[in-house]
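In: Predicted coordinates and the sequence they were generated for:
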Amino acid sequence: MQQRIYLDNAATTTLDPAVLEAMLPYLTEKFGNPSSIYSYGRETRLAIENARKSVAGSLHAHPAEIFFTSGGTEASNTAIMAAVHDLGCTRIITSPIEHHATLHTAGYLKNKHQVSLEYVSILSDGHVDLADLEMKLAASPAKTLVSLMHANNEIGNITDIHAVGAISERYGAIFHSDTVQTVGHYPFDLRNTPVHFITGASHKFHGPKGVGILYVNEKIRIHPLIHGGGQERNMRAGTENLYGIVGFAKALELAMMDHEKDTTYIAGLKSYMASELKEAIPEVNFHGDPFGRSLYTVVNVGFPRTEKTSMLLFNLDIHHVCASGGSACTSGTDQGSHVIRAFANDPNRVAIRFSFSKHNTRGEVDEVVDRLKGMI
């Protein structure tokens, strides 16, 4: 039987054994409710606060600015809703290539007649047009939320959040950045980054699923999205995901400890696969800016559409290769990628995203390229 090769790490990653080891005590004997006042509760409350301090330290933020959530989607929903309901934003500027956690939330607020909604232009290489962002901000005095992701999950393009933050600051805008693909992959210095909200999800960097963070800059005050008890300093009701929070902190600590080594290794795999694909299948192209300002973990490949490649993702699965089309499927109908469609809408291309982790090898890349040659 062929070995299964996993190249969809931008979707989720395997749980690091050291992270599981850190979580296990809180899955077994340390089971107390963190809101309880007796010793079982106090020890789990301490674990959460220690995790908060650890995460804040890794991101160079203050512990009071870190709130644990169920993941990046909840964190982005909280930030966007709060910008409108608590911070007085009546307009949202975002981009057509954002994650649906942002696009659908902004669309919901527009449909409820709570905001006006504008989309910044996308350049031919998939980058956000920052000149267009500034023009849009300058065109109206309305209090605005700018929501632009740090790195795109489908094509890997990285946006300069310092530049976006500086532009937003000039026009008094609130700035939210979906950093789910970069927290745990890039060093952050949030004390010196002009951003009001960022988000993270630990399953993107070898932590557990179902836990994320929302960073809220200490200069602003917002109300919770989820109401009930007083957990997370009255910012998120509900009994905390104790073992997930402990796992998040451990995964981020490990990711930052090995950041330089892992980045060099994974970037080498990405570059190697791109060159091997180009040699084996000269007709391929690459979407976005893969060898410029781009995630070191992601390459999005455009294959010429033929009878053989139209079912390429399905055939990769049959050949035990896990990759992604970056597409949304409804009732079995492939609707394609909204990201690719925004700047490189070519019906004669089939887009496949390959994304790497420290556990992948050159041998696996060789196997995948060989299997692709056989299919095409």
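Out: All right, it came through fine. Every value quoted in this text rests on a predicted model; they were computed, and no experiment measured them. Numbers count the residues shown, from 1 in each chain.
In: how many neighbours does residue 263 have?
Out: Residue 263: 15 surrounding residues under other C-beta atoms under 10 Å. Quick note: C-beta positions are derived from backbone N, CA and C, even for glycine.
In: Nearest residue to it in space, please, no chain neighbours.
Out: residue 296 (5.5 Å; C-beta to C-beta, 6 or more residues apart in numbering).
In: Which residues are in contact with that neighbour?
Out: Listed by C-beta atoms under 8 Å, 6 or more residues apart in numbering, the contact set of residue 296 reads 185, 263, 266, 267, 270.
In: Count the residues that sit near the last one.
Out: If you count neighbours by other C-beta under 10 Å, residue 270 ends up with 23.
In: Sort out which of the contacts of residue 296 are in strands and list them.
Out: The strands, defined by DSSP state E, take in nothing from those.
In: would you list those in CSV and tack on distance to residue 287 and pLDDT?
Out: Below are the contacts of residue 296 laid out as CSV (distance: C-beta to C-beta, whole Å; pLDDT from 0 to 100):
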residue, distance to residue 287, pLDDT
185, 20, 98
263, 22, 98
266, 19, 98
267, 18, 98
270, 14, 98
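In: hang on, the earlier thing: helix, strand or coil: sort out the residue nearest to residue 263 for me.
Out: For residue 296, the assignment made with DSSP: H, G, I helix; E, B strand; the rest coil gives coil.
In: Then the one 5 residues further on?
Out: Using three-state DSSP as the criterion, the local structure at residue 301 reads strand.
In: residue contacts, it?
Out: Neighbours of residue 301 in contact, by C-beta under 8 Å, 6+ apart: 274, 277, 284, 285, 286, 287, 351, 352, 353, 354.
In: same thing with residue 213?
Out: 55, 66, 67, 68, 69, 75, 183, 199, 200, 248.
In: Which of the contacts of residue 301 fall in strands?
Out: 285, 286, 351, 352, 353, 354.
In: So what's the residue count around the fourth one?
Out: Burial of residue 352 is recorded as 24 neighbouring residues (other C-beta under 10 Å).
In: for the stretch 251-376 of the chain, what spans make up the helices?
Out: 259-280, 312-318, 338-343, 362-375 (DSSP state H, counting those that start in this stretch).
In: The last one - what's its average pLDDT?
Out: Helix 362-375 shows an average pLDDT of 95 in the prediction.
In: Make 202 the starting number, not 1.
Out: All right, first residue 202 from here; so that's helix 563-576.
In: just the buried members of the ones in strands among the contacts of residue 502?
Out: 487, 552, 553, 554, 555 (16 or more other C-beta atoms under 10 Å).
In: Kindly state the domain boundaries assigned to the protein.
Out: 206-215+460-576, 218-458 (automatic domain parsing).
In: most packed of the ones you listed?
Out: domain 218-458 (a mean of 20; mean count of other C-beta atoms under 10 Å).
In: start to end distance for it?
Out: Start and end residues of domain 218-458 are separated by 16 Å (C-alpha to C-alpha, to the nearest Å).
In: Return the closest of the contacts of residue 414 with respect to residue 347.
Out: Of all the contacts of residue 414, residue 400 has the smallest distance to residue 347: 14.7 Å, by C-beta to C-beta.
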